[in-house]
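> Provided below are the primary sequence and the corresponding predicted coordinates.
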Amino acid sequence: MRADTANNEDFNPTSMLIAQVALVVLEELNVRDNRVKTSEIWSALLEKRDAVIERFTDKEFALGADNKAGFERWYFMKSFAATLLKFVGFVSGPHGSWEITEEGKDFLVKHKDDKEKMEAELAGSYVEMQRTRLRVGKKRQSDAEEVDESVAQQRFDDDDIRSSIYEYLEGLDPYGFQDLVGHLFQGMGYTVPYVSPKGPDGGVDIIAHKDAIGVDGPLIKIQVKHSQDRNNPGVGIDEVQRLRGLCSDGVAGVLVSLKGFTREAEKEVRKDMSVPITLIDSVRFVDLWIDHIDTITEEGKKMFPLKKVYIVDDEL
């Protein structure tokens, strides 16, 4: 079935929903027309959730929540939508940021008055992407097949792996993620004398310092946010101000949020540098974990079991 001759009814609900989420993301990127953080895009879609939901053909299916983290299905499908947009070449950018490509802009212009046509083409591309993935996973039959399919494989494998990592973190218990943050700071060479137990924490989840007894360098107060609220747009300005209020002279603050941060929160950090506040979102957390994985405790590695994979990169 050719994507350019298919109708929306020709695709199963999952393929159609992924295509519709991908189109919403592409339109959001087109409005911004510059490179933005992926967390900003997801926050923007959550802020306009009601309008986004109206775009879905099968709203009941889109609003279901059969995943471990309890997110609405349309939001849980975001990683598949991102992989699709990368596969067709409509978005580009390093990990954690996106920008629309000229191909993506042309696609929107080509069918600007026919959203159903765009959705059908994207759904068809998603089906083709899955078929390509299955072929790549099988034993290669010829050198020609190896060359052709490895090109397609490279376009989505890395993003797909990253997305599965983020989904794993989102599915953790909030206190489990808090413990992971403690293991990360230990792996980075900090002493972590305090990790908050379950219950009220007074605004500080973790305390860390550089030396063994806490007399050399600043004390670090860390607040960890792992919201399972599917409509949470990210940590806002109030949390930044609250943590700053807990940090006096010689004390630095760190906010860790899987949902990322609102633009207002990021501006607040830059506006007042009297008390240093560092923001760590899911992308930076994973990057830091990978960078220090050799010094992470065994307990931490068991909680977040990443595996190193090495491939030949012909572009190096």
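That came in fine, so what should we check first? Numbering: from 1, shown residues only.

> any chance you could map the helices in the protein?
Here the chain has its helices, by DSSP state H, at 13-32, 38-47, 49-53, 59-62, 73-76, 78-87, 102-110, 115-137, 143-170, 174-187, 237-245, 263-271, 282-291, 298-303.

> could I get these as TSV with mean pLDDT?
Shown next, in TSV, are the helices of the chain (pLDDT from 0 to 100):
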stretch	mean pLDDT
helix 13-32	91
helix 38-47	81
helix 49-53	90
helix 59-62	89
helix 73-76	82
helix 78-87	85
helix 102-110	93
helix 115-137	79
helix 143-170	56
helix 174-187	93
helix 237-245	91
helix 263-271	86
helix 282-291	88
helix 298-303	91
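
> Can you redo those helices as JSON lines, where the extra columns are mean neighbour count?
From N, CA and C alone the C-beta is placed, and that goes for glycine too. Formatted as JSON lines, the entries for these read as follows, by neighbours: other CB atoms under 10 Å:
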{"stretch": "helix 13-32", "mean neighbour count": "21"}
{"stretch": "helix 38-47", "mean neighbour count": "19"}
{"stretch": "helix 49-53", "mean neighbour count": "13"}
{"stretch": "helix 59-62", "mean neighbour count": "14"}
{"stretch": "helix 73-76", "mean neighbour count": "22"}
{"stretch": "helix 78-87", "mean neighbour count": "23"}
{"stretch": "helix 102-110", "mean neighbour count": "14"}
{"stretch": "helix 115-137", "mean neighbour count": "18"}
{"stretch": "helix 143-170", "mean neighbour count": "15"}
{"stretch": "helix 174-187", "mean neighbour count": "20"}
{"stretch": "helix 237-245", "mean neighbour count": "17"}
{"stretch": "helix 263-271", "mean neighbour count": "15"}
{"stretch": "helix 282-291", "mean neighbour count": "17"}
{"stretch": "helix 298-303", "mean neighbour count": "13"}
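
> Using CSV, please lay out those helices together with distance to Val254.
Output for those, formatted as CSV (distance: least, CB to CB, whole Å):
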stretch, distance to Val254
helix 13-32, 28
helix 38-47, 17
helix 49-53, 29
helix 59-62, 36
helix 73-76, 27
helix 78-87, 26
helix 102-110, 36
helix 115-137, 38
helix 143-170, 17
helix 174-187, 8
helix 237-245, 8
helix 263-271, 11
helix 282-291, 11
helix 298-303, 17
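
> Among these, which comes closest to Asp216?
helix 174-187 (15.8 Å; CB to CB).

> Of all the helices of the chain, which one is nearest Val224?
With distances scored as CB to CB, the stretch of these nearest to Val224 is helix 174-187 (4.6 Å).

> Quick check: which helices or strands does that closest one pack against?
Contact analysis of helix 174-187 by 3 or more CB pairs under 8 Å, 6 or more residues apart in numbering; DSSP states H and E lists strand 191-195, strand 206-209, strand 219-225, helix 282-291, helix 298-303 as its packing neighbours.

> For it, which outside residues touch it?
Helix 174-187 is contacted by residues 169, 172, 192, 195-196, 198, 205-206, 208, 220, 222, 224, 226-228, 256, 258, 285, 288-289, 292-293, 295-297, 299-300, 303-304 when judged by CB atoms under 8 Å, 6 or more residues apart in numbering.

> Could I have the ChimeraX command that selects the buried members from those residues?
Paste this into ChimeraX to select the buried members of the contacts of helix 174-187, with burial taken from 16 or more other CB atoms under 10 Å:
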select :169,172,192,195,196,205,206,208,220,222,224,226,256,258,285,288,289,292,296,300,304
